[in-house]
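Participant: Mind looking at a prediction? Sequence and model below.
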Amino acid sequence: MTVRDRRSLHTRIAADLRDEILSGGLPAGGNIPSTQQLTDRFSASNATVQKALQILKDEGLVVGRPGSGVLVREHRQRTMYPASYLAPAAPGQPYRWITEAGKRGVRARSRLLDVAEVRPPSDVAVALNITDGGTALLRSQVLLFDDEPVELVKSFYPPDIVRGTAMTERRRIRGGTPTLLAELGYPPRKCVDRVAARVPTQEQYEALALPTDLPVLRTFRVVYSDDERPIEASVMAKAGHLYELRYDISV
């Protein structure tokens, strides 16, 4: 059975060109095919091709240069290594993801949005073994690379573990929450990630300053301590066109 792509033609053209850019078929610094070439390739009008190119410009993937056509920008897609962020930071050191980003020449920081005891979403409640009507501590923040918002993180913690600690205060935790959890006697031992592409929520769209209605990479992570005790459940959303996740798995 053949399913027809019902998206508008300019959206489909942008999708094909975006894939070629991110896959390296259209290399950084090179030109996008000319308008005439694109109109012939996609059987589209000049106006439709221009609308497609405007989408890519809004996403920061290409830039128009007078007299030079439309150029592919240096690839802004970054590879993230989730496994490198789990362990607690060394004494006196910043959170691991900040250190790892710095190794790749990226200036990383976080902006704390909220700290509150709330009723968690259903999937979080199940993961943390929180009964109906129970609460969890929420710490919500936006992570920024070179001042660009890259990830919205909403982390939840069992209240019996963190109540009365610095975790409940509206401030950043030195060394990150893995370090504090380890100091409290709950060192992270294992995490389980579930990654999916999702249409962004209103909160995610605004927090990440998404230029168009692109999907986000949604990671649902549960962190376990000794005896398989769940100590953290996080919902993390990244702009899907700018970031990929890399997992190195030995078999």
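Facilitator: Arrived safely. Because the structure is predicted, anything quoted here is derived from the model rather than measured. Numbers count the residues shown, from 1 in each chain.
Participant: After the helix or strand of the chain with the lowest mean pLDDT, which helix or strand is next?
Facilitator: Lowest mean confidence among the helices and strands of the chain (mean pLDDT, DSSP states H and E): helix 96-103, at a mean of 70. Using DSSP states H and E, the helix or strand that directly follows helix 96-103 along the chain is strand 108-118.
Participant: buried stuff in that following strand?
Facilitator: 108, 110, 113 (16 or more other CB atoms under 10 Å). Placement of C-beta: from N, CA and C, glycine included.
Participant: looking at this, residue 144 is in a strand?
Facilitator: Yes: secondary structure of residue 144 (DSSP: H, G, I helix; E, B strand; the rest coil): part of a strand.
Participant: For it, which non-adjacent residue is closest in space?
Facilitator: Excluding its sequence neighbours, the residue lying closest to residue 144 (CB to CB, 6 or more residues apart in numbering) is residue 109, at 5.4 Å.
Participant: How about the contacts made by the one you found?
Facilitator: By CB atoms under 8 Å, 6 or more residues apart in numbering, residue 109 lies in contact with 98, 143, 144.
Participant: measure it to residue 167 for me?
Facilitator: As judged by CB to CB, to the nearest Å, residue 109 and residue 167 stand 19 Å apart.
Participant: same question, residue 144
Facilitator: 22 Å.
Participant: Mind checking which of the two has more residues around it?
Facilitator: More crowded of residue 144 and residue 167, by other CB atoms under 10 Å: residue 167, with 20 against 17.
Participant: from memory the more buried one sits against residue 158, does it?
Facilitator: No: here residue 167 does not reach residue 158: they are 10.8 Å apart, not a contact under CB atoms under 8 Å.
Participant: intersection of neighbour lists for the two?
Facilitator: By CB under 8 Å, 6+ apart, the residues touching both residue 167 and residue 158 are residue 137.
Participant: Many thanks, I have nothing further to ask.
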